[in-house]
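S.K.: quick one: sequence plus predicted model below, questions after.
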Amino acid sequence: MGPCVSFLVVFLATCPVYSLSRPETDSDKIESLPGLNATLPFSQYAGYLNVNESHGRRLFYWFVESQSDPERDPLVLWLNGGPGCSSFNGLFEENGPFSPNKDGKTLDLNPYSWNRNASVIFLESPSGVGFSYSDTTADYTTGDRQTAQDSLNFMLKFLEKYPQFKKNKFWITGESYAGHYVPNLASHIVDYNTVKPGSINLAGFMVGNAWTDPALDNPGATFFWWSHALISDRTYTGINKACNYSNIGPLLTNGKQALLSSSPGRLKDECELLLAEAHTEMGNINIYNIYVDVCLRHRDGRELLSQLARSDSVLRKFAQRRLEAEVGKMYPCEDDYMEKYLNRPDVIATIHAATLPYKWTSCSTIVNYSRTDLLSSMLPVYEKLFSADLRILVYSGDVDAIVPVTGTRAWLNKLPLTEVEGWHAWLASDHQVGGYSVMYDKLTFATVRNAGHEVPGYQPLRALDMFTRFLKNQRL
């Protein structure tokens with residue numbers, strides 16, 4: 001969702017004042033990074049592009065060139081979800097070239113970075129996420145349309161700034177609520193290219209554990225909980241009878257909308273009570289990967305959910321504290337290390353970020369995202385894009401409990417697809433089963449075995465293999 005899916009409401013009364021460390025006309029190249037004792041085999045850049053001049057809406061990006069052949073390798077945009085979570089979650093905890101150490105001061109290199117064979121842009125979007133900001137605070141109330149338009153404007157300006165990449169094949173990738181960001185941006189690019197052909201060389205997109213259609217993702221989630229022995233038969237049956245799945249955000253983080261807007265003391269309806277019971281029955285587990293540990297430094301997410309009706313601030317705390325798994329160099333409390341590193345003044349100056357009146361956090365507390373958009377279906381967008389001659393990969397980590405594979409398979413079955421190659425295991429480069437795949441005429445679906453919500457973080461080798469093969473049009 002990126003990380004966890006959250007719906008946050010904050011009202012700002014005054015226009016903030018920001019301080020940039022250098023003029024926007026200066027080079028955005030990063031010469032060296034504090035805490036990294038290594039010579040990098042690639043160039044990297046970071047800075048702002050103004051996507052709305054009249055509002056002063058600036059999106060912050062971090063761009064890492066390919067380690068192989070940046071002149072010819074694909075150009076890739078990575079988007080984490082939320083809505084409202086930074087794509088630097090991907091940069092530092094999943095598929096980027098760096099990984100933070102426990103001291104919050106030093107970095108290691110990630111041998112499974114997706115820039116091994118592609119040049120990758122990590123974009124903080126929408127405005128109000130991470131280092132991205134606007135001179136017009138009303139911009140922090142936003143939704144899918146503005147986010148997609150801003151991302152399109154960003155890519156057009158990016159290719160103006162770096163014209164040497166305009167001929168490269170362009171891919172949009174992401175996870176979680178990027179299930180909206182990614183296809184919506186693809187749709188905007190297709191429309192723009194119709195008016196101005198060849199503006200962006202869009203080849204296709206890849207999206208993982210994608211929040212797509214609440215009426216299908218939500219029952220997929222409850223079935224996943226029940227089938228993985230997380231909740232009782234009684235609770236599972238009760239939720240199916242009592243809850244209107246079309247009117248609920250992702251169940252484990254948002255519960256029913258009334259949990260987000262009700263006043264203290266309001267009586268809960270049967271659906272809310274059953275969801276609370278499900279959270280109790282699950283206990284203190286990691287909802288993003290049900291078989292790994294939680295960060296014990298923070299209170300458990302399900303306990304926090306039970307308190308939402310009593311304190312709005314609790315929701316914000318939960319949204320900022322993504323529970324991580326320990327797989328390889330991925331620590332349960334890795335968000336802490338990343339936030340500590342990115343709030344260092346020398347790091348902020350080195351990456352050409354603005355000095356903001358608040359700390360950088362992995363998920364924004366100031367973005368107020370449209371609930372109508374949150375509950376909208378992306379299936380019509382997919383159907384539109386099927387006629388655009390794009391290559392599409394939908395993938396799922398198979399132990400994610402928030403936007404699980406069961407929901408994804410349900411909405412795939414609603415699309416007008418013809419099976420070309422049936423269900424089969426695909427092997428990773430270590431000769432182990434990486435997951436399972438089925439090829440349709442208009443897209444490919446793949447699972448990643450033993451991966452959670454953030455697939456590249458939990459299974460970096462398998463994720464890199466899947467990504468690289470799809471880029472090269474090789475069989476999964």
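M.R.: Nice, thanks for sending it over.

S.K.: flag the shaky bits of the stretch 251-400 of the chain, pLDDT-wise.
M.R.: By pLDDT under 70, the weakly predicted segments of the stretch 251-400 of the chain are 251-268, 296-334.

S.K.: mind listing the helices for it?
M.R.: Secondary structure of the stretch 251-400 of the chain, counting by DSSP state H, counting those that start in this stretch: helices at 251-254, 258-261, 270-282, 301-306, 312-320, 334-342, 345-350, 371-374, 379-385.

S.K.: show me what the longest one is packed against.
M.R.: Under the contact definition 3 or more CB pairs under 8 Å, 6 or more residues apart in numbering; DSSP states H and E, helix 270-282 sits against helix 214-227, helix 233-242, helix 251-254, helix 301-306. C-beta: built from backbone N, CA, C; applies to glycine.

S.K.: any chance of these in CSV, with distance to A401 too?
M.R.: Conversion of the helices and strands packed on helix 270-282 to CSV gives the following (distance: least, CB to CB, whole Å):
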stretch, distance to A401
helix 214-227, 6
helix 233-242, 13
helix 251-254, 6
helix 301-306, 11
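
S.K.: could you dump these to TSV with mean neighbour count and distance to N184?
M.R.: Supplementary listing: the helices and strands packed on helix 270-282 in TSV, determined by neighbours: other CB atoms under 10 Å; distance: least, CB to CB, whole Å:
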stretch	mean neighbour count	distance to N184
helix 214-227	21	16
helix 233-242	16	29
helix 251-254	24	20
helix 301-306	20	27
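
S.K.: ok, of the ones you listed, where does mean pLDDT dip lowest?
M.R.: Comparing the helices and strands packed on helix 270-282 by mean pLDDT, the weakest confidence falls on helix 301-306, with a mean of 36.

S.K.: parallel or antiparallel, which strands does the strand or helix carrying T173 pair with?
M.R.: T173 is part of strand 170-175, with elements assigned from DSSP states H and E. If you go by DSSP bridges, strand 170-175 pairs up with strand 75-79 (parallel), strand 202-208 (parallel).

S.K.: give me the angle between the next helix or strand after it and strand 75-79.
M.R.: Sequence order places helix 178-195 as the next helix or strand after strand 170-175, per DSSP H and E. With axes from the mean of the first three to the mean of the last three CA atoms, to 10 degrees applied, the angle from helix 178-195 to strand 75-79 works out at 140 degrees.

S.K.: identify all contacting residues around helix 178-195.
M.R.: Here helix 178-195 makes contact (CB atoms under 8 Å, 6 or more residues apart in numbering) with 1-2, 77, 79-81, 83, 125, 144-145, 147-149, 151-152, 155-156, 172-174, 199-200, 202, 205-207, 209-212, 373, 376, 378, 381-382, 384-385, 388, 390, 403.

S.K.: counting neighbours, which of those end up buried?
M.R.: By the neighbour-count criterion of 16 or more other CB atoms under 10 Å, these include these buried positions: 1-2, 77, 79-81, 83, 125, 144, 147-149, 151-152, 155-156, 172-174, 199-200, 202, 205-207, 209-212, 373, 376, 378, 381-382, 385, 388, 390, 403.

S.K.: I'd say P219 and W411 touch.
M.R.: No - at 10.6 Å, P219 does not count as touching W411 under the criterion of CB atoms under 8 Å.

S.K.: and the pLDDT for G104?
M.R.: On pLDDT, G104 comes in at 89.

S.K.: assign a three-state SS to it, would you?
M.R.: coil (DSSP: H, G, I helix; E, B strand; the rest coil).

S.K.: now it: how far from M466?
M.R.: Counting by CB to CB, to the nearest Å, the separation of G104 from M466 is 31 Å.

S.K.: the more surrounded of those two?
M.R.: More crowded of G104 and M466, by other CB atoms under 10 Å: M466, with 28 against 16.

S.K.: now name the helix or strand holding that one.
M.R.: helix 460-471.

S.K.: buried ones in that helix?
M.R.: Judged by neighbour count (16+ other CB under 10 Å), helix 460-471 contains these buried residues: P460, L461, R462, A463, L464, D465, M466, F467, R469, F470, L471.

S.K.: in CSV: the residues you listed, plus pLDDT.
M.R.: Putting those into CSV (pLDDT from 0 to 100) gives the following:
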residue, pLDDT
P460, 98
L461, 98
R462, 98
A463, 99
L464, 98
D465, 98
M466, 99
F467, 99
R469, 98
F470, 98
L471, 98
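
S.K.: look up how far I287 lies from Q459.
M.R.: With distances taken as CB to CB, Q459 is found 17 Å from I287.

S.K.: and stretch 414-433, end to end?
M.R.: Using CA to CA, to the nearest Å, the end-to-end distance of stretch 414-433 comes out at 28 Å.

S.K.: buried ones in it?
M.R.: Neighbour-count burial for stretch 414-433, counted by 16+ other CB under 10 Å, picks out L417, W426, A428.

S.K.: the second one and G434: what is the separation?
M.R.: Pointing back at W426 there. In this structure, W426 and G434 are separated by 5 Å, where distance is defined by CB to CB.
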